[in-house]
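Trainee: Mind folding the following:
(2 chains)
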2 protein chains.
Amino acid sequence: MRATVLHATRDIRLDDVDAPELREDGDAVVRIVASCICGSDLWPYRGLPEIDGPRRIGHEFVGIVEAVGASVQTVAPGDFVIAPFAFSDNTCIMCQRGVHTSCVQGGFWGSDDRSGHFADGGQGEIVRVPLADGTLVATPEQPDEALVPHLLTLSDVFPTGHHAAVSAGVSAGSTVAVVGDGAVGLSAVLAAKRLGAAKVVAMSRHEDRQRIARAFGADEIVAERGKEGAAAVREILDGIGADQVLECVGTADSMKQAMLSTRPGGRVGYVGVPHGVELNVPAMFGRNVGLVGGVAPARAYIEELLPDVLDGTVTPGQVFDQTLPLDKVADGYQAMDERTSIKTMLSL
Amino acid sequence: MRATVLHATRDIRLDDVDAPELREDGDAVVRIVASCICGSDLWPYRGLPEIDGPRRIGHEFVGIVEAVGASVQTVAPGDFVIAPFAFSDNTCIMCQRGVHTSCVQGGFWGSDDRSGHFADGGQGEIVRVPLADGTLVATPEQPDEALVPHLLTLSDVFPTGHHAAVSAGVSAGSTVAVVGDGAVGLSAVLAAKRLGAAKVVAMSRHEDRQRIARAFGADEIVAERGKEGAAAVREILDGIGADQVLECVGTADSMKQAMLSTRPGGRVGYVGVPHGVELNVPAMFGRNVGLVGGVAPARAYIEELLPDVLDGTVTPGQVFDQTLPLDKVADGYQAMDERTSIKTMLSL
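Mentor: Below you'll find the model as predicted:
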């Protein structure tokens, strides 16, 4: 089968690799229907850090179950399934607490599972799924093709935006600001509105992204960044800043912007993988600004978010502004690297 | 009147000073019945940072109202009142959100208020209270003398422990660890149990403090510190650590100990004034451990906590292991500095 392999910085190819097979009784083999490229895939693509050899990549996909191991009970061949960006047993002490990314048996796509078998990356044709009962969520029936992009966002980007909002405590009547206009930031806008936020300020300088933010329910757009951007947020939100700020970038600058946009007693929900973030703890302490969030336990949220996707209440797939066939995956990386695409879907 | 004045590092005296008078229509003048020494008073006492001249000190007191300004409505001469450690209007946009320490008109004892009048420190005989309607909480009737220490804790130490617990999200069934066995840490144990925590682990090496922690409801005591202490907490709490860890010290070491004692997906509620705290943000992110808290808005909690104090459901005044007359205030500082007293009450 063919799968995406990162060979070196900005050298990404679709290679022929061994087709995965069932290894453990709890495994499933899934033929991918659609996958996509994540902002976090761009870090190794850009050489941060530089990789020391070819590696499989990708962690967001939906597909059709082809085979299951002897003990698998919740999915069956033919099922359309959503795979979260980490595999997990959904039963252990951490999964019970909703922290599936810390599952005692779990792991991440593109690396070995706890049994020492390789779990394929998500940007390919077929994937071996460890802990299939815990990991995969099947839709009640085969979805229309038009639903596929929206269902695909349940792998990562929509639950990640949702995690920022839930972690920070967004609820009915909240005032919210979102730092980051990538696919995660836009999804955070959608998630905040879905949770009942009264006013959401999206921070974006790009017209195409502003348009999606508006479509997702953003009430105001702030184009300024840094201190000026935070001052604009405070001016819009009662002169004090947002109850919750959703930080969806992960840089030192974006975190500062988030902190300055938060009102005293408010919280920053962060889901941008932190790179060089430093916190002014005394300032956070004096203003009672909390920092909550982390790597999103997407699996914990799929059942909650799925019905709204299935019935069209939310259309999170709007974050995909480009769809390419899998063999054009390199073009997809280039487009996202150059920010000419917000998020690229790969179809099979 | 006499009031405590810090003259230089470890040079603290009871001096004769001008008696306070009403300055604004919203003021009250309160004759102090009891005050106390706070762990945070020890920082300037120890010269961290060194002060540049004599200054009044103290911010926890209860007393009897002697006089009120023309506009004061909620307290009257003769009332027994509790003063939180910051004054606030209790009506502004920040107070409405429960962040009274960020009150737009508020301030702290021992410094000028927004009208430019000096607000006396709390370790003296009489205090001018700005924003009396917002700041002071009167008891329904004159309390018995035996209740005074318990009521005095509502100024700071009990609401501060409560703030750690509330910020971290302690609720029915929570597992909790408390870092710090000072009066705040002990109060945090009490607050966590009051909020329904199923299991509270107090971290303390000192028998006298362990005894109070037990009296406040601690289920387990861990005497080890640092990594060993955190490992012991994890072992007691399901092998994973606490849902909430209450950090009541404020040093780099105590924060590390708190972070290591928290389970993935858990939260550290911190109320120890941070001195040199540095956070490992990538580790917090990967484990979904949040940091919430700050300077406690004591005023926000007094009405909630007062009934339980009045009816004896909680006896937070057990943190006072020494009572001295005000003219022995220097002995009180010395005892707390040398940790021979957990917390010293000053009677008048």
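
Trainee: Angles on the backbone of the residue nearest to A:Glu278 when sequence neighbours are not counted, please.
Mentor: Residue nearest to A:Glu278 in three dimensions, not counting chain neighbours: A:Ala252, with 6.2 Å by CB to CB, 6 or more residues apart in numbering or on different chains. All C-beta atoms are positioned from the backbone trio N, CA, C, and that covers glycine. Backbone torsions of A:Ala252, given as degrees, to the nearest 10, read phi -60, psi -40.

Trainee: ok, now A:Pro77?
Mentor: In terms of degrees, to the nearest 10, the main-chain angles of A:Pro77 are phi -50, psi 140.

Trainee: which residue ranges form the strands in the stretch 1-150 of chain A?
Mentor: A:2-8, A:11-16, A:28-36, A:55-56, A:61-68, A:80-83, A:86-87, A:107-108, A:111-112, A:118-119, A:126-129, A:137-138 (DSSP state E, counting those that start in this stretch).

Trainee: can you list the residues that contact the last one?
Mentor: This means strand A:137-138. Contacts to strand A:137-138, defined as CB atoms under 8 Å, 6 or more residues apart in numbering or on different chains, come from residues A:65, A:74-75, A:79-82, A:84, A:154, A:299, A:302-303, A:306.

Trainee: Quick one: distance of that strand to the chain centre.
Mentor: A distance of 17 Å separates the centroid of the chain from that of strand A:137-138, by CA atoms, centre = their mean, to the nearest Å.

Trainee: Export the strands of the stretch 1-150 of chain A to a markdown table and append columns for distance to B:Asp11, mean neighbour count and mean pLDDT.
Mentor: Below are the strands of the stretch 1-150 of chain A laid out as a markdown table (distance: least, CB to CB, whole Å; neighbours: other CB atoms under 10 Å in any protein chain shown; pLDDT from 0 to 100):
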| stretch | distance to B:Asp11 | mean neighbour count | mean pLDDT |
| --- | --- | --- | --- |
| strand A:2-8 | 66 | 20 | 98 |
| strand A:11-16 | 69 | 16 | 98 |
| strand A:28-36 | 67 | 25 | 98 |
| strand A:55-56 | 65 | 18 | 97 |
| strand A:61-68 | 70 | 22 | 98 |
| strand A:80-83 | 67 | 25 | 98 |
| strand A:86-87 | 59 | 24 | 98 |
| strand A:107-108 | 59 | 16 | 98 |
| strand A:111-112 | 62 | 12 | 96 |
| strand A:118-119 | 66 | 21 | 97 |
| strand A:126-129 | 70 | 26 | 98 |
| strand A:137-138 | 68 | 19 | 98 |
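
Trainee: In CSV: those strands, plus distance to A:Thr340.
Mentor: CSV is the format used below for the strands of the stretch 1-150 of chain A (distance: least, CB to CB, whole Å):
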stretch, distance to A:Thr340
strand A:2-8, 19
strand A:11-16, 16
strand A:28-36, 16
strand A:55-56, 25
strand A:61-68, 23
strand A:80-83, 27
strand A:86-87, 29
strand A:107-108, 28
strand A:111-112, 30
strand A:118-119, 31
strand A:126-129, 28
strand A:137-138, 32
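
Trainee: Could you point out which of those sits nearest B:Met345?
Mentor: strand A:86-87 (53.0 Å; CB to CB).

Trainee: now A:Ala34: how far from A:Ala215?
Mentor: Applying CB to CB, to the nearest Å, the value for A:Ala34 to A:Ala215 is 21 Å.

Trainee: Tell me the residues of chain A that contact chain B?
Mentor: Contact residues (CB under 8 Å from any CB of the partner chain) of chain A with chain B: A:93-94, A:97-99, A:101-102, A:167, A:238-240, A:243, A:263-265, A:267, A:270, A:273-274, A:277-279, A:281-282, A:284-295, A:297.

Trainee: now what about the helix or strand containing A:Pro307, what contacts it?
Mentor: Per DSSP states H and E, A:Pro307 falls inside helix A:298-310. Residues from elsewhere that reach helix A:298-310 (CB under 8 Å, 6+ apart): A:82, A:84-86, A:88, A:90, A:95, A:98-101, A:134-135, A:137, A:139-140, A:143, A:147, A:150-151, A:153-156, A:158-160, A:162-163, A:166, A:194, A:313-316.

Trainee: in the stretch 201-348 of chain A, which segments are predicted with low confidence?
Mentor: Low-confidence segments of the stretch 201-348 of chain A (pLDDT under 70): none present.

Trainee: Name the residue most distant from the centre of chain A?
Mentor: Largest separation from the mean C-alpha position in chain A: A:Gly286, at 32.3 Å (CA atoms, centre = their mean).

Trainee: What values do phi and psi take at it?
Mentor: phi -60, psi -30.

Trainee: so who does it touch?
Mentor: Contacts of A:Gly286 by CB under 8 Å, 6+ apart are B:294-295.

Trainee: ditto for A:Gly196
Mentor: Taking CB under 8 Å, 6+ apart, we find A:Gly196 in contact with A:170-174.

Trainee: go on, A:Thr313?
Mentor: A:194, A:307.

Trainee: Now do the SS call for it.
Mentor: Under DSSP: H, G, I helix; E, B strand; the rest coil, the three-state class of A:Thr313 is coil.

Trainee: mind checking how far it is from A:Arg194?
Mentor: For A:Thr313, the distance to A:Arg194 - CB to CB - is 8 Å.

Trainee: Near A:Thr315, how many other residues are there?
Mentor: 17 (other CB atoms under 10 Å in any protein chain shown).

Trainee: and if you look at A:Asp321?
Mentor: So A:Asp321, with other CB under 10 Å, has 16 neighbours.
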